[in-house]
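Colleague: okay, predicted coordinates and the sequence, questions at the end:
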Amino acid sequence: MRAEGTEQAIRAAGGIGALARALGISQPAVSSWRRVPTDRVLAVEEVTGVPRAVLRPDLFSSKGFAVTQGDPVDEIDRLRSQEYDFLAALLGRAPGEATLGALGRLGGDESAFGAAHRALAAAARATDGRRVSHEFFDLFIGVGRGELLPYASYYLTGFLNERPLAAVRGDLAAMGLERGGELSEPEDHLAILLDTMAGLAGGRFPAEPGTERRFFERHLQPWAERFFADLERARSAEFYKAVGALGRLFMEVEAEAFAIEA
């Protein structure tokens, strides 16, 4: 049975097929949704006008902020959570036309982060859904394999499905987090790790103090910055060069912040 927010989005778009076309994805993909996937919420909100708090009330309050467990999340952690969500969405699947349109309107101040966001906006305006879909395929899927493999096991051992994957699964289980039925990738995929950090930073996952730092230091710090740097230099990357630059910068800042905290 579909969640009410999903039903509202489908009705607002004019049906499952119309929503799928607006998002640039297949009709069967939308048909399989029980609730709108995390990385599709903002695009669905844009194309249907249904607020994110209605689409996913488990993630967003009526004010648009992430729902917290316990103490309210401060502004910096809320923004950090959004940045993690943002990067997770872009690495989880190729953005469609609606998402690219939203990205193309990003602004930024004169800081390094602002410049990275402006560069991403320019890259989004310079491509389209078809081109970025092909780019995503060449980078991360490929015929046989993509140019880059965004898995902790591969970056840390040279092989897939090794000890880093078991370590991620153990830590997720210790936090009471289970693999969602919509996930097809192993849990050490970078998009899943970033999504977990978004939940920890935004207070969506109840966790003991220090869990966020330990998860970052164990599962992201050893390799994520290197992956994003590789993405910046990848032969197949055009739009994703800007994603790589933003991700590398964000990982650098996070590592420095956690080091100060420790």
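Modeller: Looks like it arrived, so ask away. Numbers count the residues shown, from 1 in each chain.

Colleague: next one: G49 from V36, what distance?
Modeller: For G49, the distance to V36 equals 14 Å [CB to CB, to the nearest Å]. All C-beta atoms are positioned from the backbone trio N, CA, C, and that covers glycine.

Colleague: repeat that for L160.
Modeller: Distance of L160 to V36, computed by CB to CB: 30 Å.

Colleague: looking at the two, which one has more neighbours?
Modeller: It is V36, of L160 and V36, that has more neighbours when counted by other CB atoms under 10 Å, with 28 against 15.

Colleague: you'd agree the more buried one is up against L55?
Modeller: Yes: counting by CB atoms under 8 Å, V36 touches L55, with 4.8 Å between them.

Colleague: between these two, which contacts overlap?
Modeller: Counting by CB atoms under 8 Å, 6 or more residues apart in numbering, the contacts common to V36 and L55 are 5-6, 9, 44.

Colleague: who touches the residue lying closest to E97 once chain neighbours are set aside in this structure?
Modeller: Leaving aside its chain neighbours, E97 sits nearest to G129 (4.4 Å; criterion: CB to CB, 6 or more residues apart in numbering). Residues in contact with G129 (CB under 8 Å, 6+ apart) are 24, 94-97, 100.

Colleague: can you tell me what sits against stretch 91-105?
Modeller: Residues outside stretch 91-105 that contact it (CB under 8 Å, 6+ apart): 22-25, 39, 42-43, 46-47, 89, 120-121, 124-125, 127-129, 132-133, 135-137, 140, 150, 189-191, 194-195, 243.

Colleague: on that earlier part again, inside strands: which ones of the contacts of G129?
Modeller: Among those, none falls in strands (DSSP state E).

Colleague: neighbour-wise, give me the winner out of those residues.
Modeller: Highest neighbour count within the contacts of G129: P95, with 26 neighbours (other CB under 10 Å).

Colleague: can you give me the pLDDT of that residue?
Modeller: Looking at P95, its pLDDT is 88.

Colleague: just the ones of the contacts of G129 in helices?
Modeller: Per DSSP state H, helices hold the following members of those: 97, 100.

Colleague: turn the contacts of G129 into TSV, columns for distance to A224.
Modeller: Shown next, in TSV, are these (distance: CB to CB, whole Å):
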residue	distance to A224
G24	27
A94	20
P95	20
G96	25
E97	28
L100	24
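
Colleague: farthest pair within the contacts of G129?
Modeller: A94 and E97 (10.7 Å; CB to CB).

Colleague: check which residues of the longest helix seen in the chain are buried.
Modeller: The residue-count maximum for a helix in the chain (DSSP H) belongs to helix 239-261. Residues of helix 239-261 classed as buried: 239-251, 254-255, 258 (neighbour count, 16 or more other CB atoms under 10 Å).

Colleague: domains of this structure?
Modeller: Following automatic domain parsing, the chain resolves into domains at 4-64, 88-261.

Colleague: T196 - how many residues pack around it?
Modeller: Around T196 there are 25 other residues, counting by other CB under 10 Å.

Colleague: and it, helix, strand or coil?
Modeller: What DSSP: H, G, I helix; E, B strand; the rest coil gives for T196 is helix.
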